[in-house]
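Participant: Turn this into a structure:
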Amino acid sequence: MRELFDEDAELYDRARPGYPPEMFDDLAELAGLGAAPRVLEIACGTGQATVPLAERGCRITAVELGPSMAAVARRNLAAFPEVEVVTSAFEDWPLPQEPFDAVFCATAFHWVDPAVRVTKAADALRPGGVLATVATRHVAGGSEAFFAEVQDCYERFDPATPPGLRLRAAADLPLDSEEIDRSGCFGPAVFRRYERELTYTTRQYLDVLLTYSGHRALPAEAREGLLGCIGRLADTRHGGRVTKRYLTELRVARRLNPGPAAAGR
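Facilitator: Here you go, the predicted structure:
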C-alpha cells in the first residue's frame, strides 16, 4: 500500500495540504535544536515538510521509498545544498556512523515496519537527540453535513467501510506514546496539536482523495464510482465546495543514553 503514493507524485505534491508553520517552530523549541542541526527524515515524500525544515537551517538526509516522489523532492529542494534525498526504504538504508540530532517523520511513520521503526530511529540518534513524528487526521468539523451524507457513497463502493462511520472530534482522540514507551529507548513523549480547516472545490477535493492509498487501491470501477458519487454530492447538494477539518499532531521524544553495549556504535 505504501508504494501506491509513487504512482502520481505530481498530484501528491500539488494536492496534499502541507503542515502548519507553527508546528516547525514548536519542533525547534521542543527538540532544542541548535544551529544547523543534522536531521534524518524518514519518508519525505515530495518534500512538503522538508522545505520548512531546510528553511530553518537544518542539514537534512531525507530517505524516500518512491523514486518519483524522491525526484519531485529533489526538485523542490534544489535551492538547499545541505539537503540530500536518498531513494530507499528506511528499513533497508544503512545508518551512517555519525549520529543525527533529530529523526523526523511526517504522516508516514505508520508505514514503516513496526518491528524496526522505533529502534532504528533510536540507533540513528545521538544521546539526547529526538524522534519527532507527525500524524495527520480528518476530524469532525468543516462541512459536517457533507461528510455525514458521503458515508453512503463509501458504503456503496468500498466494502471495507464500516457501516454508520462518523468522524470523531479531535478532543476525543487519545494521545498515544505506547510504542515509544515500550521501546525503552526514549523519555516521555511530548505532544502538540493543531487544528485547521481547508476549503476545496469539488475537483480539488477529489484530487486530495486520489492521494490516499485506500482510494487508489480500490478496483478502477469502484474507485471511479466512488469519486463520481462524491463529486455529484458535493456539486448538487453543497455548492461545489467542501471544507475539511484537519488535526495535525506533533509527537517528540528524547533519546535516552544508550547502554554500554550500544555505546560503541
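Participant: What segments of the stretch 151-265 of the chain are helices?
Facilitator: Along the stretch 151-265 of the chain, counting by DSSP state H, counting those that start in this stretch, helices occupy 151-157, 178-183, 202-209, 213-216, 220-237.
Participant: any weak-confidence spans in the stretch 1-150 of the chain?
Facilitator: Residues of the stretch 1-150 of the chain meeting the criterion pLDDT under 70: 1-7.
Participant: quick one: average pLDDT of stretch 215-230?
Facilitator: Throughout stretch 215-230, pLDDT has a mean value of 94.
Participant: Any buried residues in it, and which?
Facilitator: Buried residues in stretch 215-230, counted by 16 or more other Cβ atoms under 10 Å: His215, Leu218, Arg223, Gly225, Leu226, Leu227, Cys229, Ile230. For every residue, glycine as well, the C-beta is placed using N, CA and C.
Participant: Please apply the same query to stretch 246-258.
Facilitator: Buried, per 16+ other Cβ under 10 Å, within stretch 246-258: Tyr246, Leu247, Thr248, Glu249, Leu250, Arg251, Val252, Ala253, Arg254, Arg255, Pro258.
Participant: isn't the fifth one right up against Thr136?
Facilitator: Same thing as Leu250. No - using Cβ atoms under 8 Å, Leu250 is not in contact with Thr136, being 10.5 Å away.
Participant: if I read this right, Leu27 contacts Leu250, doesn't it?
Facilitator: Yes - Leu27 is within contact range of Leu250, at 6.2 Å (criterion: Cβ under 8 Å).
Participant: residues shared between the contacts of these two?
Facilitator: Residues touching both Leu27 and Leu250 by Cβ atoms under 8 Å, 6 or more residues apart in numbering: Ala132.
Participant: ok, Ser177 to Gly187 distance?
Facilitator: 10 Å (Cβ to Cβ, to the nearest Å).
Participant: One more: Ala170?
Facilitator: Distance from Ala170 to Gly187, by Cβ to Cβ: 25 Å.
Participant: Any stretches of the stretch 151-265 of the chain with poor pLDDT?
Facilitator: For the stretch 151-265 of the chain, the ranges with pLDDT under 70 are 258-265.
Participant: number of nearby residues for Asp172?
Facilitator: Asp172: 9 surrounding residues under other Cβ atoms under 10 Å.
Participant: Quick one: residues contacting it.
Facilitator: When the contact criterion is Cβ under 8 Å, 6+ apart, Asp172 has no partners at all.
Participant: Pull up the gap between it and Arg166, please.
Facilitator: From Asp172 over to Arg166 (counting by Cβ to Cβ), the distance is 11 Å.
Participant: what do you get for Val85?
Facilitator: 39 Å.
Participant: More neighbours: these two, which one.
Facilitator: Counted by other Cβ under 10 Å, Val85 and Arg166 do not tie: Val85 has more neighbours, with 23 against 10.
Participant: Could you look up the SS state of the more buried one?
Facilitator: strand (DSSP: H, G, I helix; E, B strand; the rest coil).
Participant: Could you pull out the strands in the stretch 101-250 of the chain for me?
Facilitator: 125-139, 190-201, 241-254 (DSSP state E, counting those that start in this stretch).
Participant: Just tell me which of those ends up closest to Glu149.
Facilitator: Closest to Glu149 of the strands of the stretch 101-250 of the chain is strand 241-254 (Cβ to Cβ; 11.2 Å).
Participant: In the sheet, which strands lie alongside the closest one, parallel or antiparallel?
Facilitator: Sheet pairing of strand 241-254 (DSSP bridges) gives strand 125-139 (antiparallel), strand 190-201 (antiparallel).
Participant: Format those as JSON lines; extra columns: distance to Asp101 and mean neighbour count.
Facilitator: Formatted as JSON lines, the strands paired with strand 241-254 follow (distance: least, Cβ to Cβ, whole Å; neighbours: other Cβ atoms under 10 Å):
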{"stretch": "strand 125-139", "distance to Asp101": "5", "mean neighbour count": "20"}
{"stretch": "strand 190-201", "distance to Asp101": "17", "mean neighbour count": "16"}
